[in-house]
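Chemist: Provided below are the primary sequence and the corresponding predicted coordinates.
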2 protein chains.
Amino acid sequence: MKLNRMYSFLNTDLKEIEKELQDTIKSEHPLLQEASLHTLQAGGKRLRPVFVLLAGKFGNYKLPVIKNVAVALELIHMASLVHDDVIDDAELRRGQPTIKSKWDNRIAMYTGDYIFARSLELMTNIDNPEAHKILSHSIVEVSLGEIEQIRDKYNFDQHLKTYLRRIKRKTALLIAVSCQLGAVASDAPREIHEKLFLFGYYVGMSFQIIDDILDFTSTEKELGKPVGDDLRQGNITLPVLLAMKDDKLRAKIEDVNEHISDIDMKSIILAIKESGSIEQSIKYSDWYLQKALKTVEQLPNNTSKIALINIAKYIGKRKF
Amino acid sequence: MKLNRMYSFLNTDLKEIEKELQDTIKSEHPLLQEASLHTLQAGGKRLRPVFVLLAGKFGNYKLPVIKNVAVALELIHMASLVHDDVIDDAELRRGQPTIKSKWDNRIAMYTGDYIFARSLELMTNIDNPEAHKILSHSIVEVSLGEIEQIRDKYNFDQHLKTYLRRIKRKTALLIAVSCQLGAVASDAPREIHEKLFLFGYYVGMSFQIIDDILDFTSTEKELGKPVGDDLRQGNITLPVLLAMKDDKLRAKIEDVNEHISDIDMKSIILAIKESGSIEQSIKYSDWYLQKALKTVEQLPNNTSKIALINIAKYIGKRKF
């Protein structure tokens, strides 16, 4: 089943979200408008809005209210990607040139600031103080995750715990908060929105680990950037950490730097793939996936619950 | 009279604000902690917290509530300076190396993001939806001002209106909002917080114009950066715009670029100072100052009102 078939009952609402996304970043400044639209139209699965809407169905679902949260969370995600591309010196995202490569780092910085500011403005339509506390706390955590990304670059001595905390802050938290805030903004009971947070956290962890696996197992065409690019940029992910348990392979991996030749890089990618660390990483991802499925089971039965289960399973089965 | 003598009745509260500023940016990350503290300790007049507290005295002043606003606004200001220094390629601010020069652009970007995120977190302690709408709207405007700064660099064809709108967004708005939010968070009546907004706006405009004058008339020691640095960086300010009404001087100014020699730069600075544009700029600043004083006159009489008047006059008299 295709991803978007799993929540086709949201189609009309998601179209409105898409329109709202475009309207929100409209700007009198041609450059800003172009840079923001460029990011928006680069696509993406709009996973966060989907989670917000699905979670909203566990409470008193009102699109005019909940759409503010859905759009805000997608924009916060987008803004963080724009700043991320500056850090990663990324030339391509989803096969498209990044803002920092099409324009420059400064434009990327302020486009990110602007998109982020717009999302805050939207959020003020939500009159629930708890929603704001949850969101602002998660934004602090995301920004800590961004700093950790810089700090941990090319640091081959980091622990598994460091990696897990980083991907929690970088990815899982905003997915968790998307699930939670959809429910909070719809006045769902606390035990429900706390479960949804947990579900989102587990799904997000599983999702990011798979993303990190795909960096090695996918193709340049699928990735929209070279295979192994994360490692080349110094981003030490789970398959790398696990592969480094082998001393010989570790020594090889520690030689990676920005200027490594394509041939050397290819040989390291191959060695990592043959080390068994990919299969081990899949097990980690599966563990989180199972935790997600167990958590969602505890929610009341409705169409959203089925969709959440299907999405979680889909994310767990993205091809390697 | 020294600036801080004008509001000595706030001393105890301002000390608490200072402590709260330090506590808020504390972080488990040594790099982030150092970069944030570096910015905080570079000093500054803490003008925004002072305005917040003074404005709060027009309502039901409660330090535990209002200090969140005071600290948040100072941090938002700080975060915008950190990002500003990336744009301006500034090596020095207030005589200290900037984050981007001491570390790099990426650290500066994320330190700004982090400080900003912390300020949002603090603001969630304020349970007034209007306060959040006012603040988020002003943050959008500030980010637009930042984009305009890049767009307008070395653009010698810009109108006076463009300059005024840019400094409104860049400076005046956050001062206006400091005055307004102090009153809003203290539940002062609408007619009072709207007047305080207007007062802050006029003071902010006057303040920024004087800042732009001082770039030409002050000394390197006072400025903490070379005289005429704004112009050299392509920031076309009021004294420059007015000087360009002379065709010969305009041609000379249009030659300014990043690589201009010190001798050529000195000659242009001298020509601008001799053109009469400084005196004209002072008139603009005075016009805003008078508007500020007229606005503040309409507020109820109290100690804060006197302090606001004195601060406005002080700002208008900073030496050229």
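Modeler: Structure's in. What do you need? None of the values given here were measured: they were computed from a predicted structure.

Chemist: per-residue pLDDT, the residue sitting furthest away from the middle of chain A?
Modeler: Going by C-alpha atoms, centre = their mean, the residue of chain A most distant from its centre is A:Lys248, 32.7 Å out. Note for A:Lys248: predicted pLDDT of 95.

Chemist: list the helices and strands the helix or strand containing A:Ala183 packs on?
Modeler: Following DSSP states H and E, one finds A:Ala183 within helix A:173-185. The elements that helix A:173-185 packs onto, with contact taken as 3 or more C-beta pairs under 8 Å, 6 or more residues apart in numbering or on different chains; DSSP states H and E, are helix A:47-56, helix A:63-87, helix A:129-151, helix A:190-217. (Glycine included, C-beta is placed from N, CA and C.)

Chemist: re earlier: which helices and strands does the helix or strand where the residue farthest from the centre of chain A lies pack with?
Modeler: A:Lys248 is part of helix A:247-253, with elements assigned from DSSP H and E. Helix A:247-253 makes packing contacts with helix A:238-243, helix A:262-274 when contacts are defined by 3+ C-beta pairs under 8 Å, 6+ apart.

Chemist: report the buried residues of the last one.
Modeler: Within helix A:262-274, the residues that count as buried by 16 or more other C-beta atoms under 10 Å in any protein chain shown are A:265, A:268-269, A:271-273.

Chemist: and chain B, which of the residues you listed reach it?
Modeler: Checking the buried residues of helix A:262-274 against chain B by C-beta under 8 Å from any C-beta of the partner chain, not one of them is in range.

Chemist: looking at the residues you listed, which is nearest chain B?
Modeler: For those, the residue nearest chain B by C-beta to the nearest C-beta is A:Met265; the value is 23.2 Å.

Chemist: surely the closest one touches A:Gln233?
Modeler: No - the pair formed by A:Met265 and A:Gln233 falls short of the contact definition of C-beta atoms under 8 Å, at 11.3 Å.

Chemist: can you redo the helices and strands packed on helix A:247-253 as CSV with mean pLDDT?
Modeler: As requested, the helices and strands packed on helix A:247-253 are exported to CSV (pLDDT from 0 to 100):
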stretch, mean pLDDT
helix A:238-243, 98
helix A:262-274, 95
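
Chemist: what would the ones you listed look like in a markdown table with distance to B:His193?
Modeler: Output for the helices and strands packed on helix A:247-253, formatted as a markdown table (distance: least, C-beta to C-beta, whole Å):
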| stretch | distance to B:His193 |
| --- | --- |
| helix A:238-243 | 52 |
| helix A:262-274 | 60 |
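
Chemist: out of those, nearest to A:Ser281?
Modeler: Evaluated over those, closeness to A:Ser281 peaks at helix A:238-243, with 4.6 Å, by C-beta to C-beta.

Chemist: the closest one - contacts with which helices or strands?
Modeler: helix A:160-167, helix A:190-217, helix A:247-253, helix A:262-274, helix A:277-297.

Chemist: the helix holding A:Lys248: which residues count as buried?
Modeler: Neighbour count says helix A:247-253 has A:249, A:252-253 buried, by 16+ other C-beta under 10 Å.

Chemist: which one among those gets closest to B:His38?
Modeler: Among those, and counting by C-beta to C-beta, the member closest to B:His38 is A:Ile253, at 34.3 Å.

Chemist: what parts of the stretch 1-150 of chain A come near chain B?
Modeler: For the stretch 1-150 of chain A, the residues in contact with chain B under the definition C-beta under 8 Å from any C-beta are A:27-29, A:31-32, A:83, A:86-87, A:105-107, A:109-111, A:113-114, A:116-118, A:120-121, A:123-124, A:127, A:129, A:132-133, A:136-137, A:139-140, A:142-144, A:146-148, A:150.
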